[in-house]
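Trainee: Here's my sequence, what's the structure:
(chains A and B)
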There are 2 protein chains.
Amino acid sequence: MSRESFWTEDPKLLLRVEPGFQLITSPTDTHPGFEGNKAGGVAALAEGALVLADLQERLYANHQAGDDGRRVLLVLQAMDTAGKGGIIKHVMGSVDPQGVQLAAFKKPTEEELAHDFLWRIRKEAPQAGKIGVFDRSHYEDVLIGRVRELAPPEEIERRYGAINEFEAELVDEGTTIVKVMLHISAAEQKVRLLDRLDRPEKQWKFNPGDIEERMLWPKYQDAYQVLFDRTSTPIAPWYVVPADRKWYARLAVQHLLIDALEAMDLQWPAVEYDVEAEKARLLAAT
Amino acid sequence: MSRESFWTEDPKLLLRVEPGFQLITSPTDTHPGFEGNKAGGVAALAEGALVLADLQERLYANHQAGDDGRRVLLVLQAMDTAGKGGIIKHVMGSVDPQGVQLAAFKKPTEEELAHDFLWRIRKEAPQAGKIGVFDRSHYEDVLIGRVRELAPPEEIERRYGAINEFEAELVDEGTTIVKVMLHISAAEQKVRLLDRLDRPEKQWKFNPGDIEERMLWPKYQDAYQVLFDRTSTPIAPWYVVPADRKWYARLAVQHLLIDALEAMDLQWPAVEYDVEAEKARLLAAT
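Mentor: Got it, this is the predicted structure:
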């Protein structure tokens, strides 16, 4: 359990994908572990931001001062409008930008397609001391890849195993992986797409292709289910976060990051120089 | 003049390096254009943060929606402890991380040294739609490079011209360059170094080599003077920001970014699809 006092139960335990998990019966509009309303959630997020910022600075400091190889990777996956951008802006936006490493994966380029699907992903794996965020990820290759049959079935099958091996490598080099699916309902997506169309300052976020993707909703949900069954591993479990309420999704993801960092027991690093000698030298020399 | 009402005079005009500028007589503890105190400055920074965040989102949106090639590059140079990190945390930290591209230039690697000094810099030039920040930059190659004689004098001489050409290329491709030197006094640096040594949560930021660099203070000031004389150009002028008061330096740099973005006259992008048709399609289809 974490330092943030506002949780009634640890959302990490409530949201983690366990054997037998079924996406189709998983709610989108609840707020597990938090009993307050939106105003309470916004206040809690501000409180949690201070905790997260402190932990992030310790992680960064330990790498700077002592080559500590630990790092965090937050993987964000979701249907359009589910709030990936809001997580980055409102959760990651509260920590020092110097400690954050973002990577957004769009439609692969020709060059990227000429390589294995993990080629472009490996290049963006977070550096030691950083919190990396993948805005979409290698999981697109078993989501849109599966739904739109962008690769032969046997290649899609191969990828689940390749992903698990890749993530095991990241864990071995000191990465804590936090995999999040922001789970919204199709009805909520419709509201959000209409909102984008209605507001001139949001229209740029809409793409006509979003409607074609939306029409494949059941196929995507199936692809997510397979993905959870195949890639929610003990070393890198998935968390499915109800995301119809943006304030809750942000608070829950913030907690998952706080939890990941707290598990590292991050102290301020011991320095290798003699503090008193350096003070004397500074005062004498100049 | 900008939208932020709290300036009595435009700091852009007050801080810009003009012909005849002398660093040695330039104050470090003033707050040109702002008549308030620290509390007023902190409140003003929060007000400016909203303006900056809005402009940054418009810049980002224009690139996403229409391949607008415009971008901003903030170059930060300073003696140790002058507050580069604080600018990144407190000024850049207030905008959406998705629109920011940070690059910190440390001591060059073997591979970097095997190339021209601009090789590693070019790779980090900001993408269209982004605000890039260089935490140290190509200017190190005419600062520490000059002071510590890391290259022959004729190579150092060559670099000033190469820098001006490089920056002209960036401007040609749509970059607004904002070059900032955070100007602190040697006395203030001593206070800040002692503070780092005194506080366990800051000791990791201190390096014994910082004292050797400090002993070269006059040589660095000379190198900065040459740099201003040679590279403060009409298309990419330098700004020398008094930085003994951190709150003022942050406010001034925030303003320079706001000013750069306002000059672009950023409207929300027009979209290429038919809004009403898409609305109808969304409501009918799903």
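Trainee: List the contacts of the residue in the stretch 51-200 of chain A that chain B sits nearest to.
Mentor: Going by C-beta to the nearest C-beta, chain B is nearest to residue A:65 of the stretch 51-200 of chain A, at 3.8 Å. Heads up, the C-betas are built off the backbone N, CA and C, glycines and all. Listed by C-beta atoms under 8 Å, 6 or more residues apart in numbering or on different chains, the contact partners of residue A:65 are A:269, A:270, A:271, A:272, B:204.
Trainee: could you say which helix or strand contains it?
Mentor: Residue A:65 belongs to helix A:38-66 when assigned by DSSP states H and E.
Trainee: what pLDDT, on average, does the helix or strand just after that helix get?
Mentor: Next along the chain after helix A:38-66, taking DSSP H and E as the criterion, comes strand A:71-78. Mean per-residue pLDDT for strand A:71-78: 98.
Trainee: now stretch A:123-142
Mentor: Average pLDDT, stretch A:123-142: 98.
Trainee: For that stretch, could you pull out the residues that count as buried?
Mentor: Within stretch A:123-142, the residues that count as buried by 16 or more other C-beta atoms under 10 Å in any protein chain shown are A:124-126, A:128-142.
Trainee: which ones among those come in contact with chain B?
Mentor: Among those, proximity to chain B is found for residue A:135 (C-beta under 8 Å from any C-beta of the partner chain).
Trainee: helix or strand for the closest residue to residue A:176 other than its chain neighbours, which one?
Mentor: Counting by C-beta to C-beta, 6 or more residues apart in numbering or on different chains, the nearest residue to residue A:176 once its immediate chain neighbours are dropped is residue A:260, at 4.5 Å. Using DSSP H and E, residue A:260 sits within helix A:246-262.
Trainee: for that helix, packing partners?
Mentor: Here helix A:246-262 touches helix A:11-15, helix A:38-66, strand A:71-78, helix A:84-90, strand A:175-183, strand A:238-242, going by 3 or more C-beta pairs under 8 Å, 6 or more residues apart in numbering or on different chains; DSSP states H and E.
Trainee: so can I have CSV of these showing distance to residue B:70?
Mentor: Below are those laid out as CSV (distance: least, C-beta to C-beta, whole Å):
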stretch, distance to residue B:70
helix A:11-15, 41
helix A:38-66, 31
strand A:71-78, 28
helix A:84-90, 21
strand A:175-183, 31
strand A:238-242, 35
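Trainee: Residue B:250: which of those is closest?
Mentor: helix A:38-66 (16.9 Å; C-beta to C-beta).
Trainee: in the closest one, what counts as buried?
Mentor: For helix A:38-66, burial by neighbour count (16+ other C-beta under 10 Å) applies to A:41, A:44-45, A:48-49, A:51-53, A:55-65.
Trainee: Check stretch A:219-237 too.
Mentor: So, applying 16+ other C-beta under 10 Å, buried residues of stretch A:219-237: A:220, A:221, A:223, A:224, A:226, A:227, A:228, A:231, A:232, A:233, A:236, A:237.
Trainee: Just the element for the second one, please.
Mentor: In this case it means residue A:221. Element membership for residue A:221 (DSSP H and E) is helix A:217-231.
Trainee: Give me the contact list for that helix.
Mentor: Contact partners of helix A:217-231, identified using C-beta under 8 Å, 6+ apart, comprise A:17, A:21-24, A:77, A:79, A:139, A:142-143, A:146-147, A:160, A:163-164, A:167, A:179, A:181, A:186, A:213, A:238, A:240, B:286.
Trainee: do you know how far the residue of the stretch 101-250 of chain A found nearest chain B is from residue B:175?
Mentor: Nearest residue of the stretch 101-250 of chain A to chain B (C-beta to the nearest C-beta) works out as residue A:204 at 3.8 Å. In this view, residue A:204 and residue B:175 are 22 Å apart by C-beta to C-beta, to the nearest Å.
Trainee: Equivalent analysis for residue A:32, please.
Mentor: According to C-beta to C-beta, residue A:32 stands 46 Å off from residue B:175.
Trainee: between the two, who's got more neighbours?
Mentor: Set residue A:32 next to residue B:175 and count neighbours by other C-beta atoms under 10 Å in any protein chain shown: residue B:175 wins out with 23 against 17.
Trainee: Spatially, what comes nearest to residue A:27 if we skip its sequence neighbours?
Mentor: residue A:242 (5.7 Å).
Trainee: likewise residue A:180?
Mentor: Computed as C-beta to C-beta, 6+ apart, the closest residue to residue A:180 that is not its neighbour in sequence is residue A:239, at 5.1 Å.
Trainee: Tally up the residues packed near that neighbour, please.
Mentor: Residues lying near residue A:239 (other C-beta under 10 Å) number 22.
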